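**Student:** fold the following.
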Amino acid sequence: MRIGELAAQAGLTRDAIRFYEKIGLVTGRRLANGYRDFPPESVPWLQYVRTAQTLGFSLAEIARTGKELRDAPDTAEALSALFEEKIKVIDARMAELAALRADLDARVGTGCPLQAAG
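**Tutor:** Numbering: from 1, shown residues only. Have a look, this model is predicted:
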């Protein structure tokens, strides 16, 4: 399918698809007339990419795990493992942010919040 049809079916812009193609998330072939031609399975893949981004996955993470997911015998199990790993990353980041907040809170009212609290 051509890029306009893919964009409409996936709910994306043509520019987004061109960007995803540039970074290797989706591949199409060039027809003799220069138009891009994408396979039908690009639609659910691009919908997955957008959903994964909404869930906090970076494009680099999506690209890194994409082949793994496509080749997985049980996609649901593979996705669950990815989600569990992402939850661990989020939990670690939340702990870092809580420590940062506590440090900032300790510096409030010290006269010079850039000096270590004592």
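
**Student:** when you work out contacts or count neighbours from here on, use the C-alpha atoms and nothing else.
**Tutor:** Will do.

**Student:** how about residues contacting the helix or strand of the chain with the lowest mean pLDDT?
**Tutor:** The weakest-scoring helix or strand in the chain, judged by mean pLDDT, DSSP states H and E, is helix 59-71 (a mean of 85). Outside helix 59-71, the residues that touch it by C-alpha atoms under 8 Å, 6 or more residues apart in numbering are G24, L25, V49, A52, Q53, T75, A78, L79.

**Student:** hey, where'd the strands end up in this structure?
**Tutor:** Assigned by DSSP state E, the chain shows strands spanning 29-30, 36-37.

**Student:** got the buried residues for the least confident helix or strand of the chain?
**Tutor:** Going by neighbour count (16 or more other C-alpha atoms under 10 Å), the buried part of helix 59-71 is L59, I62, A63, G66, L69.

**Student:** nearest to R107 among those?
**Tutor:** Ranked by distance to R107 (C-alpha to C-alpha), the buried residues of helix 59-71 are led by L59 at 36.7 Å.

**Student:** scan this protein for its longest helix.
**Tutor:** If you go by DSSP state H, the chain has its longest helix at helix 75-107.

**Student:** that concludes my questions; thank you for your assistance.
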